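Student: Here is a sequence with its predicted model. Questions after.
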Amino acid sequence: MINLKIRNKIKSLIKIKNKKDGIDIKPNDVYLVSFPKSGNTWMRFLLINYLFNPKSKKLVYDDLEVFIPSIHKSSIESINSKKGLRIIKSHFVKLVYPKIIYIVRDGRDALVSYYYYQKELRGFKGSFEEFYFSKLSSEAGNWQEHLRAALKFKKENPNNIIFVKYEDLKKDTNSTFKEVISFLGEAIYEEKLNFAINSSSFNNLKKMQLSDGVEIEKKNINFFRKGTSEQWTGYFNEKINDDFMKNSKDLMEHFNYI
């Protein structure tokens, strides 16, 4: 038997090893990860309405940081002070994360949505092709690298990650979201599930945006633009498509996008 003093020393070393970006990573933490514009915000609202909203109140965009804080926006102190189940948003995959819910969206559609987001946030004035080949398109790493990092995590931690396809979530929100709840080890209650899905519908989030606004970096952003699939067909020319497929054909096949 390891005595208490040695055991506490080991725990202390593990905590130091797992401390990244100033955040104390706890064994039960769950990180909600995606490439930008892949459905992360939608999933945050679904999870908040199901897990953290017992009084079924109407949520606003600012509630996201209260219940599922982002490492990119919330303070380190506020994240470290959270008790109970902590779900934390990140746009990065790190092997020290205990568990990951990874939202994957067809990279072509994600890039089109990211293009419009960067036009509003950064004032980008160029065409989609100019955006695609610019540094702005890969601020959080390119789509291929992002997804390969998630697959590497799965290889090393097969039971600690769930891949959720944005397209599946749109097609059958009920069944797909149930898989996420089960992954978290939570019981499934149909009444709570229906409330979470209805309250977090794209139309409701769009209405919330129109009434309350979505402010990022002190700019009012059209965050919930379309949310559609296969919009990429109107933006990807042969040059862009060849470049994208050169680096990601295997991933597109793996996730049944082609």
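Tutor: That came through fine. Predicted, not measured: the structure shown is a model, and the values here were computed from it. Numbers count the residues shown, from 1 in each chain.

Student: How far off centre is the helix or strand where Ala196 lies?
Tutor: Assigned by DSSP states H and E, Ala196 falls within helix 190-199. Its chain's average C-alpha position is 20 Å from that of helix 190-199, according to C-alpha atoms, centre = their mean, to the nearest Å.

Student: how about the strands of the stretch 1-150 of the chain, start to end?
Tutor: For the stretch 1-150 of the chain, the strands defined by DSSP state E, counting those that start in this stretch occupy 30-34, 87-90, 99-104.

Student: Also the stretch 151-258 of the chain?
Tutor: For the stretch 151-258 of the chain, applying DSSP E, counting those that start in this stretch gives strands covering 161-165, 215-216, 219-220.

Student: quick one on the thing from earlier: could you list every helix and strand in contact with the helix holding Ala196?
Tutor: helix 40-51, helix 173-183 (3 or more C-beta pairs under 8 Å, 6 or more residues apart in numbering; DSSP states H and E). Quick note: C-beta positions are derived from backbone N, CA and C, even for glycine.

Student: Go through that helix and flag the buried ones.
Tutor: 192-193, 196, 199 (16 or more other C-beta atoms under 10 Å).

Student: Give me the below-cutoff pLDDT ranges for the stretch 101-250 of the chain.
Tutor: Within the stretch 101-250 of the chain, the stretches with pLDDT under 70 are 206, 209-228.

Student: give me the number of residues near Lys125?
Tutor: The tally of other residues near Lys125 (other C-beta atoms under 10 Å) stands at 8.

Student: quick one: the residue nearest to it when sequence neighbours are not counted and Phe52, what's the gap?
Tutor: The shortest distance from Lys125 to any non-neighbouring residue, by C-beta to C-beta, 6 or more residues apart in numbering, is to Lys119 (7.6 Å). Distance of Lys119 to Phe52, given as C-beta to C-beta, to the nearest Å: 33 Å.

Student: Spit out the contact partners of the closest residue to Tyr257 other than its chain neighbours.
Tutor: With sequence-adjacent residues excluded and distances taken as C-beta to C-beta, 6+ apart, Tyr257 is closest to Asp106, at 5.0 Å. Asp106 is in contact with 166-167, 229-230, 232, 252, 257, counting by C-beta atoms under 8 Å, 6 or more residues apart in numbering.

Student: Scan the residues you listed and report the most crowded one.
Tutor: Comparing the contacts of Asp106 by number of neighbours (other C-beta under 10 Å), Tyr166 comes first, having 23 neighbours.

Student: ok, it touching Ser113?
Tutor: No: applying C-beta atoms under 8 Å as the test, Tyr166 and Ser113 come out as separate, 10.2 Å apart.
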